[in-house]
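Take a look and give me a structure for this.
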Amino acid sequence: MNVDFLLDAIKPKIFKGHNLEKELIFSLTSYPKRFGVLRYVLISLLNQTISPDRIILWIYKKDFEELPVSVTELERQGIFIFLLEEDWKSYKKIIPAIELYPDAIIITFDDDILYKPTVAEELVEYHRINGGIVAQRAHLLQVNQNGEIMPYKTWLEKTPAKGGYEANSAFVFPTSGAGVLYPPGCFDPRVLDMDLAFRICPTADDVWLYFMALLKGSKASLIGDRDFIDINPAPEDSLWAINSKGENDRQIANLIEAFGIPDVLRSSIERAIQGSTSSDVVKLFNGKIIHVLDDHIGRIISASKMYYESDLISFVRRFFSPSRVIDVGTNIGNHALGFSGHSDYHVICFEPDPTLAKIAEKNLKLNEIKYDLYNFGLGDKNEKIPFIAGESSNSGVGRFDRNAKSTLYLQVMRLDDAVPSSYSADLIKIDVEGFEKNVLLGGLDTIQNSRPVLVIEHQDYISFKECSGLLHKLGYKPLRVFGATPTFVYVFADDFGYVLTSTDITWVDCWGEFAK
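Predicted coordinates:
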């Protein structure tokens with residue numbers, strides 16, 4: 001691979017400032033075995049689409065003489081090379097930066113990876129929306145049914161694939177290699193105690209930083225994909241190769257013995273194992289728990305240990321990170337729970353089926369989600385619709401039919417009448433088995449005033465044409481489509497013009513999902 005050619009080919013044409021209130025610092029370290037590829041790594045950081053206040057390379061002073069001229073000459077392009085009296089090994093990438101710049105936002109990088117030009121911007125923008133620690137790459141801590149932390153190798157096995165994103169979770173274990181953003185004040189002050197760190201956690205700086213963040217009550221988000229270019233000339237010597245063979249487990253045990261399990265992690269673990277022995281409760285890989293029915297949705301969740309329609313949920317959580325959600329057709333609360341993650345998350349749920357509404361409420365309470373839940377449906381007018389028990393194609397609980405004869409009637413309201421005008425939603429999800437146009441017509445004021453992202457499942461092509469035509473008049477365009485029963489993500493074009501192409505997403509784009 002011609003690395004110089006690649007770096008030149010992907011160099012962005014436009015560089016911009018970060019617009020953060022705090023200083024932004026890129027921080028990394030290296031040692032002689034990596035000096036041969038270090039220049040390429042630094043150029044990839046110089047080529048980021050947003051410019052930091054400084055890029056700092058921390059070098060142990062005894063290694064400086066071996067630093068190639070190809071690296072030192074980059075000081076003319078803005079690289080700062082700071083020499084350290086003590087060799088803190090991999091800890092050098094962040095500890096001296098925290099000491100010298102305690103009020104800065106620090107993004108750590110490794111010295112054996114070529115970074116795509118948007119890595120820093122993605123981390124910064126997500127932090128701007130959601131706060132907290134943000135990682136391009138991470139594993140998910142796993143616990144057994146007894147609440148015991150499982151071996152590190154199981155974390156590796158449960159690492160989300162490309163497109164698997166998590167938000168503000170104590171179970172997200174950042175791996176600093178692909179880039180991690182640490183805001184000021186996110187660590188326990190003992191993070192700077194290098195004597196203690198080397199005594200109980202000598203080769204696992206990632207583990208040390210993870211525990212120090214948890215001890216402060218800080219959580220992390222995983223926003224990145226799994227692909228990056230590794231240029232490590234000797235991967236067998238890497239800390240990853242050492243720690244994945246049991247060293248991380250030993251050092252995690254040392255930290256627990258020294259500090260105990262941090263409160264924020266303990267509460268997450270306790271929540272994750274609530275009712276886990278019950279046959280209708282599924283513990284998901286991300287530490288959430290969910291009560292399910294023995295139906296299509298429940299069987300998928302039980303088999304995958306992930307949310308139903310996890311690709312859609314992950315996409316929404318990563319690219320929109322909603323804080324105010326209206327969930328129309330909540331079912332068991334799968335999406336209302338799945339979209340959560342923003343530190344200020346609140347969801348208003350509408351589920352007319354009383355059995356499903358009770359399960360949804362149980363799921364939201366168990367996972368400590370802030371919510372309001374209403375046991376009625378939404379439509380284009382306030383009315384009562386016959387409810388036929390035991391005939392729903394989705395859950396086996398019940399269905400609605402305006403023309404049916406039934407002794408059971410449930411209330412339907414307009415969205416504009418059911419949601420307070422002060423509640424400014426940034427996302428509305430609609431899954432109402434054919435009534436989606438009615439819901440839209442009853443919520444036009446809410447949509448026009450808040451301009452939320454819309455996630456709508458369409459039962460057929462007619463519904464898609466009618467709803468997309470209505471939304472087009474309101475200034476919306478379809479952005480993505482997911483699922484076997486097509487679920488479209490619509491965005492207000494003026495708000496998201498930079499991500500929209502000239503070609504609209506159409507019904508035909510669902511065929512790939514049908515083929516699966």
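
what stretches of the stretch 251-400 of the chain score poorly on pLDDT?
Applying pLDDT under 70 to the stretch 251-400 of the chain flags the ranges 275-277, 387-400.

Do you have the strands of it handy? List them.
For the stretch 251-400 of the chain, applying DSSP state E, counting those that start in this stretch gives strands covering 281-283, 289-291, 324-328, 346-350, 371-374, 377-379, 383-389, 398-400.

Make JSON lines from those strands and add distance to P117 and mean neighbour count to it.
For the C-beta atoms, the positions are set from N, CA and C on the backbone; glycine is no exception. Below are those laid out as JSON lines (distance: least, C-beta to C-beta, whole Å; neighbours: other C-beta atoms under 10 Å):
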{"stretch": "strand 281-283", "distance to P117": "38", "mean neighbour count": "19"}
{"stretch": "strand 289-291", "distance to P117": "38", "mean neighbour count": "21"}
{"stretch": "strand 324-328", "distance to P117": "32", "mean neighbour count": "25"}
{"stretch": "strand 346-350", "distance to P117": "35", "mean neighbour count": "23"}
{"stretch": "strand 371-374", "distance to P117": "39", "mean neighbour count": "18"}
{"stretch": "strand 377-379", "distance to P117": "44", "mean neighbour count": "26"}
{"stretch": "strand 383-389", "distance to P117": "53", "mean neighbour count": "16"}
{"stretch": "strand 398-400", "distance to P117": "50", "mean neighbour count": "21"}
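
Reformat those as TSV; add distance to E122.
Shown next, in TSV, are those (distance: least, C-beta to C-beta, whole Å):
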stretch	distance to E122
strand 281-283	30
strand 289-291	29
strand 324-328	23
strand 346-350	26
strand 371-374	29
strand 377-379	35
strand 383-389	45
strand 398-400	42
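
For the protein, which element, helix or strand, carries the lowest mean pLDDT?
Least confident helix or strand of the chain, by mean pLDDT, DSSP states H and E, is helix 239-242 with a mean of 51.

now the residue nearest to N248 when sequence neighbours are not counted: how far from R250?
Once flanking residues are discounted, N248 sits nearest to Y152: 4.2 Å by C-beta to C-beta, 6 or more residues apart in numbering. Per C-beta to C-beta, to the nearest Å, Y152 is found 10 Å from R250.

who has more neighbours, these two?
Neighbour count, other C-beta atoms under 10 Å: between Y152 and R250, Y152 has more, with 24 against 15.

my guess is the more buried one meets Q251, correct?
No: using C-beta atoms under 8 Å as the test, Y152 is too far from Q251 to be in contact (9.5 Å).

which residues of the stretch 51-200 of the chain score low on pLDDT?
Short version for the stretch 51-200 of the chain, where the test is pLDDT under 70: none.

Can you identify each of the strands in it by residue range?
54-60, 79-84, 105-108, 113-114, 133-135, 138-140, 166-169, 172-174, 180-182.

Neighbouring strands - and their directions - for the shortest one?
Spelled out, it's strand 113-114. Next to strand 113-114 in the sheet, as set by DSSP bridges, lie strand 229-230 (antiparallel).

roughly how far out does the partner strand sit from the chain middle?
In this view, strand 229-230 has its centroid 22 Å away from the chain centroid, taken as C-alpha atoms, centre = their mean, to the nearest Å.

any idea of the mean pLDDT for that strand?
Average pLDDT, strand 229-230: 82.

who's in contact with it?
D112, I113, L114 (C-beta atoms under 8 Å, 6 or more residues apart in numbering).

closest to K13 among those residues?
Of all those, K13 sits closest to L114, with 18.7 Å by C-beta to C-beta.

Name whatever forms a beta bridge with that closest one.
According to DSSP bridges, the residues that bridge with L114 are I229.

Who are the contact partners of F80?
Neighbouring residues of F80 by C-beta under 8 Å, 6+ apart: R54, I55, I56, L57.

Pull up the gap between the closest residue in space to the last one that isn't next to it in sequence and E75, please.
Closest residue in space to L57, ignoring its immediate chain neighbours: I81 at 5.0 Å, by C-beta to C-beta, 6+ apart. Taken as C-beta to C-beta, the spacing of I81 relative to E75 amounts to 6 Å.

cool, F319 as well?
Distance from F319 to E75, by C-beta to C-beta: 37 Å.

quick one: which of those two has more around it?
Neighbour count, other C-beta under 10 Å: between F319 and E75, F319 has more, with 19 against 11.

Compute the distance between the more buried one and L214, please.
Remark: distance between F319 and L214 (C-beta to C-beta) = 27 Å.

Need the CA coordinates for stretch 252-272. CSV is fine.
In CSV, the C-alpha atoms belonging to stretch 252-272 read as follows (Å, rounded to 0.1, in the frame of the first residue of the first chain):
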residue,chain,number,x,y,z
ILE,A,252,-9.8,-5.6,36.4
ALA,A,253,-9.7,-7.8,39.5
ASN,A,254,-7.0,-5.6,41.0
LEU,A,255,-9.1,-2.5,40.4
ILE,A,256,-12.2,-4.1,41.9
GLU,A,257,-10.2,-5.2,45.0
ALA,A,258,-8.8,-1.7,45.3
PHE,A,259,-11.9,0.4,44.7
GLY,A,260,-14.8,-2.0,44.6
ILE,A,261,-17.3,-1.9,41.7
PRO,A,262,-18.1,1.7,40.9
ASP,A,263,-21.6,2.8,41.9
VAL,A,264,-22.7,3.7,38.4
LEU,A,265,-21.6,0.3,37.1
ARG,A,266,-23.1,-1.6,40.1
SER,A,267,-26.5,0.0,39.6
SER,A,268,-26.4,-0.8,35.9
ILE,A,269,-25.5,-4.5,36.7
GLU,A,270,-28.2,-4.7,39.2
ARG,A,271,-30.7,-3.4,36.7
ALA,A,272,-29.4,-5.8,34.1
